[in-house]
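S.K.: need coordinates for the following:
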Amino acid sequence: MESIRSWVKKTLEEIEKKMMENLELKEMIKISAEFTKFKEIDELINEYFNLLDEKELWEQEPGSEDEIAKLDSKIEKISNEIIALLLPDDEFRDRNVFLEIRAGTGGEEAALFAGDLLRMYLRYSERMGWSTEIIDESKSDLGGYKEVVVRIKGKNSGTYMKYERGVHRVQRIPVTESGGRIHTSTATVAVLPEMKDVDVYIDPKDIRIDTYRASGAGGQYVNKTESAIRITHIPTGIVVTCQSERSQHQNKEKAMMVLRAKLYELARKEQDEKLSSQRKNQIGSGERSEKIRTYNFPQNRVTDHRINLTIYNLQAVLDGDLDLIIPKLMQYDIEEQLKELGVIQSI
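M.R.: Next comes the predicted model:
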């Protein structure tokens, strides 16, 4: 962190010099935003080292384990905030996101695993102080999910959750297996940044909107009104649905949000194909064909294949403690970025 602190201070000095120049308004706005960002990083780094100093003092006091534990928690939180701010700007920064979890290979067991992933993300969001809402869902016979779409709203939700894109694999004895054999099943997770009208324009002539009766929770109401919305984007064939609200208008609004996110993702993938040779080594590309993580129940093991990280605390991860994994992926990205800049060898 010392080398990062030196680099951040040097960058701030360079930005301040740049701000003294006679810049055009557009350039000044850009430079001012950079200054604000690096100033926040600098303040967080100073707080990080102050907490380390405080921890060192407490370590000299007997019976101070509780205070040290509190400080460790604060130090980890600030370290993660610094890493999040250091990550390069992309389409996920300062964006809410949609998670689209789908059962993959494995039939009913894959659907149950998709449900486990949904629970994991809902609990992680709660830990992070983010709000969540299920936009659309298709449940399986045993209570799993064939597909579920969740909106996650909160500070840095996009920056963190983008690392969950890809194929998740589970190895365990399914509840449907009478012979006690271990099966391998998968679920895919797509993470789409939430877009605004100005980001992605959708011509009204390009969409077809259908209504139908919602299913699921809601008592008699869902059987009497056609409040659910299905939107088809004719040029691409993309179909989105929403039935989480009782009003057609609200469901249409949320379905349009998902459609904008999907159209943006489609455009991004088309662009990425042109740049694939430059991007293939980046861990954040997150294509669905990539197996990113394995959850092995017999060995109580979670392995993230992108950075060869293995954790022998499966239940903690499934209970939403993704701080065991995601910050390490972020740190890897930062290390690679700063190595390219010649700033550090490792954090």
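S.K.: what mean pLDDT does stretch 29-45 have?
M.R.: The pLDDT scores in stretch 29-45 average 88.
S.K.: which residues touch residue 68?
M.R.: 55, 58, 59 (C-beta atoms under 8 Å, 6 or more residues apart in numbering). Every residue, glycine included, has its C-beta placed from N, CA and C.
S.K.: hmm, I typed the wrong one, I wanted residue 191.
M.R.: Listed by C-beta under 8 Å, 6+ apart, the contact partners of residue 191 are 92, 97, 98, 99, 100, 158, 161, 162, 164, 165, 286.
S.K.: of these - the most surrounded one?
M.R.: Among those, residue 161 has the most neighbours (other C-beta atoms under 10 Å), with 28 neighbours.
S.K.: so what touches whichever strand or helix holds it?
M.R.: According to DSSP states H and E, residue 161 maps onto helix 157-161. Applying C-beta under 8 Å, 6+ apart, the external contacts of helix 157-161 come out as 84, 87, 91-97, 99, 121, 125, 128, 130, 152, 191, 193-194, 322, 326, 330.
S.K.: the same query, at a cut-off of 10 Å, please.
M.R.: Helix 157-161 is contacted by residues 80, 83-85, 87, 89-99, 121, 124-125, 128-132, 151-152, 154, 189, 191-194, 322-323, 326-327, 329-330 when judged by C-beta atoms under 10 Å, 6 or more residues apart in numbering.
S.K.: so what's the spatially most central residue of the chain scoring on pLDDT?
M.R.: By C-alpha atoms, centre = their mean, the chain has its centre lying nearest to residue 161, at 0.7 Å. We have a pLDDT of 94 for residue 161.
S.K.: mind checking how far it is from residue 330?
M.R.: 11 Å (C-beta to C-beta, to the nearest Å).
S.K.: which residues of the chain fall in helices?
M.R.: 2-19, 25-58, 65-86, 107-128, 157-161, 221-224, 248-274, 276-279, 314-318, 326-340 (DSSP state H).
S.K.: wait, which of those helices is closest to residue 231?
M.R.: Among these, helix 248-274 comes nearest to residue 231, with 4.9 Å by C-beta to C-beta.
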